[in-house]
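Asker: Generate coordinates for the sequence data below:
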Amino acid sequence: MKKYRFEYFASCPSGLEELLAKELADLGATTIVNVRGGVQFEGAHEVALKAILHSRIASRVFKFLYQFDVLNEQDYYLAATDIKWKSLMEVNHTFRLTTIFGDLPFEREEFRNSQFANLKLKDAIVDYFRHHEGIRPSVEKDFPDISFLARIDRGHDKPYMATIMYDLCGDPLNQRGYRIAKTEAPVKENVAAGILKLVNWDPETEDLIDGMCGSGTFVIEAALMAGGIAPSFIKVDRHLHGSGQKQWTFLNYPWLTQDKELMDTFKKLLQEISDSTSSGIEKLRNMKGRISGNDLSEFTLISARENLRKAKLDSVIQLTQIDARVLNPNQNKTLFICNPPYGERLEHGEEEKLKALYKGLGDHWKHNFKGHRAAIFTGNLPMLKVVGLKTSKKHILYNGDIECRVAEYNLY
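Answerer: Numbers count the residues shown, from 1 in each chain. Sure, this is the predicted structure:
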């Protein structure tokens, strides 16, 4: 059985792996390896903490613990009972397990059901504590003290390989804490941040207009980037001012809580984020008008305003009720970004309306946004042809399970 010590995995939406790898490198990670849906990296524990606090792209960060080959589910159970679980959690901790299947042959005799594999690992943990402590820990699905991820892949010496990891986050990192009001099919926060990076938006040289801002995710993520505000700033504020609930599950893990030097480093990182948030919001006040959101729906704008208020950005981002097809660019060079409806469940006659929307955007940009840029994020790939403009770049990206495109346009 191999025990990992300083190796981590950060997950992200498919299509953003290279951007995540660059973030991690900038934070001090080494031996970076991109895989589909994330990045494996090495580094001191401080690097993992920085990733959790500062990454705009990561969905979760995991710490590798153990890896071993097994013959079948029963062999998996027996091997797992050999793990010294009391070094990873206390018996009074609640825990949650998630099991995923990775690279496995389609036709196989064992590991055909992830829930059954999850049950075998749970039994191993419970039986270990019963044997060594005389009592067992409890499973908690919603708000556990400790969260583990198990992954089953093809093995080397035996048919299957199990990898056990700590989930260091608890809630996904894309859940920043500002989205209290949702609209239909909102873009995930880290997807929005990733798109802004994919199209190389630079707040120092380019303004930003979101023509269909929905719940405000694009403009909020843009403002955080422009102000140099960490994506974790709301959770940091809750932690520092005593919300009573631990914001990250790693605060229950012995490798952190029993390391005084690491805890001191963590406290310093939190204070740095708190200080930079204040200076970042002040910087954004001086940029007022350069990032704006617009939508035709008043109901949608109410949601966006609530989210902006939660993010403490309501005084620096302007929202307007207007049709995206009549918006004008700012005097500065401007990026017009939008996430128009995909039309997943079109009723009779609605397809023509959707075509008119996409074509209208293209026509409007062609005539009114010369010298500026535009970008569309959509899961309706045929509609990109309806826009009627030549793309300068296209990026494949997934919003949940939906395969999408980010189409960039340089407008001349």
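Asker: Show me the shaky parts of the protein.
Answerer: By pLDDT under 70, the weakly predicted segments of the chain are 1-6, 185, 243, 344-349.
Asker: quick check: domain ranges of it?
Answerer: 2-167, 189-234+287-410 (automatic domain parsing).
Asker: Now do the shortest one: distance to the chain's middle.
Answerer: Okay, so that is domain 2-167. 18 Å (C-alpha atoms, centre = their mean, to the nearest Å).
Asker: Ok, stretch 300-315 next?
Answerer: On C-alpha atoms, centre = their mean, the centre of stretch 300-315 falls 20 Å from that of its chain.
Asker: Need the contact partners of it.
Answerer: Residues lying outside stretch 300-315 but in contact with it, judged by C-beta atoms under 8 Å, 6 or more residues apart in numbering, are 176-183, 213-217, 219-220, 223-224, 234, 281, 284-285, 288, 293, 295, 317, 319, 321. Where C-beta positions appear, they are placed from N, C-alpha and C, glycine not excepted.
Asker: Any buried residues in that stretch, and which?
Answerer: 300-301, 303-308, 310-314 (16 or more other C-beta atoms under 10 Å).
Asker: likewise stretch 366-384?
Answerer: For stretch 366-384, by 16+ other C-beta under 10 Å, it's 366, 369, 372-380, 383-384.
Asker: same deal with stretch 290-303?
Answerer: Neighbour counts over stretch 290-303 (16+ other C-beta under 10 Å) mark Arg290, Ile291, Ser292, Gly293, Asn294, Asp295, Thr300, Leu301, Ser303 as buried.
Asker: and the contacts of stretch 300-315, which of them are in strands?
Answerer: Gly293, Asp295, Leu319, Gln321 (DSSP state E).
Asker: what about the third one, how many neighbours?
Answerer: Under the neighbour criterion other C-beta atoms under 10 Å, Leu319 is assigned a count of 20.
Asker: Bridged to it, which residues?
Answerer: Gly293 (DSSP bridges).
Asker: For it, give me its contacts.
Answerer: Counting by C-beta under 8 Å, 6+ apart, Leu319 has contacts Cys213, Gly216, Ser292, Gly293, Asn294, Asp295, Leu301, Ala304, Arg305, Leu308.
Asker: do that again at 10 Å, thanks
Answerer: 210, 213, 216, 219, 292-295, 300-302, 304-305, 308 (C-beta atoms under 10 Å, 6 or more residues apart in numbering).
Asker: Among those, which lie within helices?
Answerer: Per DSSP state H, helices hold the following members of those: Val219, Thr300, Leu301, Ile302, Ala304, Arg305, Leu308.
Asker: okay, among these, which ones form the most distant pair?
Answerer: Val219 and Ile302 (15.0 Å; C-beta to C-beta).
Asker: Centre of the chain to stretch 208-222, how far?
Answerer: 17 Å.
Asker: Remind me which helix or strand Lys122 belongs to.
Answerer: Lys122 is located in helix 114-133, with elements delineated by DSSP states H and E.
Asker: what about the closest residue to Asp127 other than its chain neighbours, neighbour count?
Answerer: Of all residues not flanking Asp127 in the chain, Thr81 sits nearest, at 6.0 Å (C-beta to C-beta, 6 or more residues apart in numbering). Counted with other C-beta under 10 Å, the neighbours of Thr81 add up to 16.
Asker: Let me know whether Thr81 touches Gln74 as I believe.
Answerer: No. Thr81 is beyond contact range of Gln74, at 11.1 Å (criterion: C-beta atoms under 10 Å).
Asker: Show me the helices in the stretch 51-200 of the chain, by range?
Answerer: Under the criterion DSSP state H, counting those that start in this stretch, the stretch 51-200 of the chain contains helices at 73-81, 114-133, 189-198.
Asker: what's the distance between Lys182 and Ile402?
Answerer: 17 Å (C-beta to C-beta, to the nearest Å).
Asker: same thing with Glu140?
Answerer: 31 Å.
Asker: try Gly194
Answerer: Separation of Gly194 from Ile402 (C-beta to C-beta): 15 Å.
Asker: what does Leu24 give?
Answerer: Distance of Leu24 to Ile402, computed by C-beta to C-beta: 26 Å.
Asker: Looking at those two, which has the bigger crowd around it?
Answerer: Each of Leu24 and Ile402 has its neighbours counted (other C-beta under 10 Å); Leu24 has more, 28 against 13.
Asker: Alright, I will stop here.
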